[in-house]
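Participant: Predicted coordinates and the sequence they were generated for:
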Amino acid sequence: MHHHQKGVALLVVMWACTLLAILLGGYAAMARTEGLQARYKFEQTGAHYDAQAGLMRAVYALQAANPADRWVADGRSYRFRFNGAQISVSITSETGKVDLNTASPHILTRLFRVAGEAPEQAAALAQAVVAWRSFALSSEQRRQRAEPYLAAGRSYGPRCGPFASVEELQMVLGMTPALYARIAPDLTIWSGRPRPDPATAPLLALASLPGMTLQHARRLIATRLAGQSGQPGLAVGGGVTHSIRSVAVLADGTRAVLRATIRTQGGRPGSQGFAVLRWQEGEGE
């Protein structure tokens with residue numbers, strides 16, 4: 001009986017040790033996971049601020065006192081190191097993009113065509129964009145323009161006013177997610193021009209100009225960037241509104257992306273130098 005009790009006691013101790021080992025292992029794994037998460041968050045936060053520094057560097061370079069030191073807002077990439085991170089910044093002038101509120105139907109049609117749409121669909125979609133942004137309409141005209149949307153199962157009709165954002169284009173009848181993803185980087189609502197500025201236009205916007213093809217546009221952009229990428233240069237055209245994309249990559253591969261649309265203030269007394277019109281973190285259109 002005495003030996004039986006000792007055996008039971010030994011078994012209980014062994015089970016207790018096993019349970020304790022399991023608990024300690026679980027706590028150790030949890031502590032390691034939390035430590036890794038904290039380190040990732042710390043590195044991600046550092047990368048975010050490094051990317052923000054790249055964005056601020058671009059704002060400064062757009063307004064450099066010496067024109068020869070200004071960065072060119074035609075989409076070329078400027079690379080430099082900051083705080084141990086590799087920073088890559090590109091700036092695109094909004095005047096080089098297709099303005100949803102002011103672009104002519106011909107430019108819109110050509111944009112949809114070079115993005116891969118068939119001629120009939122491209123023309124119909126251009127008219128749908130124009131119908132969406134048209135204003136000063138009568139109640140009957142608004143009702144008529146809303147009918148195709150309601151027939152397609154939409155709960156809304158055209159705004160009958162200017163686009164409030166580029167993303168709003170996705171609501172226009174006939175716009176597909178695939179087409180929107182292709183053309184979104186070439187669109188704006190801040191240009192105010194009927195056609196893109198060829199000096200700063202990205203590929204599809206440049207190819208939408210009359211007499212232009214995708215092949216010709218690629219050659220022009222290659223010529224524009226040849227031997228100048230990453231170097232200061234004289235800013236041509238450009239206007240005062242720009243989209244900036246700043247990417248920071250740390251030594252361990254941690255990556256942060258900031259995208260902002262800013263309007264420079266021209267050094268007006270009391271101004272902050274620029275105003276942010278749009279701010280996005282992470283990848284996207």
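Facilitator: All right, it came through fine.

Participant: Let me see the domain layout of this structure.
Facilitator: Following the assignment in automatic domain parsing, the chain carries domains at 1-97+196-285, 101-184.

Participant: Looking at those, which is nearest to W190?
Facilitator: W190 lies closest to domain 1-97+196-285 among the domains of the chain, at 4.6 Å (CB to CB). In short, each C-beta sits where N, CA and C put it, glycine included.

Participant: Return the distance of that closest one from the chain's centre.
Facilitator: 10 Å (CA atoms, centre = their mean, to the nearest Å).

Participant: Can you flag the weakest of the domains of the chain by average pLDDT?
Facilitator: Of all these, domain 1-97+196-285 carries the lowest average pLDDT, namely a mean of 82.

Participant: Quote the end-to-end distance of stretch 89-109.
Facilitator: Start-to-end span of stretch 89-109 (CA to CA, to the nearest Å) is 31 Å.

Participant: Which positions in that stretch come out as buried?
Facilitator: Using 16 or more other CB atoms under 10 Å as the burial criterion, the residues of stretch 89-109 that qualify are 89-104, 107-109.

Participant: With stretch 107-120 instead?
Facilitator: Using 16+ other CB under 10 Å as the test for burial, stretch 107-120 gives I107, L108, T109, R110, L111, F112, R113, V114, A115, E117.

Participant: that older thread, in strands only, show me the buried residues of stretch 89-109.
Facilitator: Among the buried residues of stretch 89-109, the members falling in strands (DSSP state E) are V89, S90, I91, T92, S93, V98, D99.

Participant: How many residues are close by T200?
Facilitator: 26 (other CB atoms under 10 Å).

Participant: can you give me the strands in the stretch 51-200 of the chain?
Facilitator: Per DSSP state E, counting those that start in this stretch, the stretch 51-200 of the chain carries strands over the ranges 74-82, 85-93, 98-99, 187-188.

Participant: what's near enough to touch the spatially closest residue to P158 that is not a sequence neighbour?
Facilitator: Nearest residue to P158 in three dimensions, chain neighbours excluded: W132, at 4.2 Å (CB to CB, 6 or more residues apart in numbering). Taking CB atoms under 8 Å, 6 or more residues apart in numbering as the contact definition, W132 lies against P158, R159, C160, F163, M171, V172.

Participant: Which residue is the nearest non-sequential neighbour of the fifth one?
Facilitator: Put plainly, it is M171. Spatial nearest neighbour of M171, chain neighbours left out: Y156 (7.1 Å); criterion: CB to CB, 6+ apart.

Participant: Now do the phi/psi pair for the one you found.
Facilitator: phi -150, psi 170 (degrees, to the nearest 10).

Participant: Over to R278?
Facilitator: phi -150, psi 140.

Participant: What is the neighbour count of it?
Facilitator: By the measure other CB under 10 Å, the count of residues near R278 is 13.

Participant: Could you pull up the contacting residues of the closest residue to it other than its chain neighbours?
Facilitator: Spatial nearest neighbour of R278, chain neighbours left out: T261 (3.9 Å); criterion: CB to CB, 6+ apart. By CB under 8 Å, 6+ apart, the contact set of T261 is E94, W190, T241, H242, S243, I244, V276, L277, R278.

Participant: Which residues does stretch 146-156 contact?
Facilitator: Stretch 146-156 has contacts (CB under 8 Å, 6+ apart) with G157, P158, M171, L173.

Participant: What are the buried residues along it?
Facilitator: With burial defined by 16+ other CB under 10 Å, the residues of stretch 146-156 counted as buried are Y149.

Participant: now the end-to-end length of that stretch.
Facilitator: Terminal residues of stretch 146-156 are spaced 7 Å apart (CA to CA).

Participant: Please apply the same query to stretch 148-166.
Facilitator: Using CA to CA, the end-to-end distance of stretch 148-166 comes to 22 Å.

Participant: what's the answer for stretch 253-273, then?
Facilitator: Start-to-end, stretch 253-273 (CA to CA) is 33 Å.

Participant: for stretch 94-111, same thing?
Facilitator: End to end - CA to CA - stretch 94-111 spans 16 Å.

Participant: Show me how far that stretch is from its chain's centre.
Facilitator: Here stretch 94-111 is found 19 Å from its chain centre; the criterion is CA atoms, centre = their mean.

Participant: try stretch 151-161
Facilitator: Distance of stretch 151-161 from the chain centroid (CA atoms, centre = their mean) equals 26 Å.

Participant: can you check stretch 119-126 too?
Facilitator: The gap between the average C-alpha position of stretch 119-126 and the chain average comes to 26 Å, counting by CA atoms, centre = their mean.
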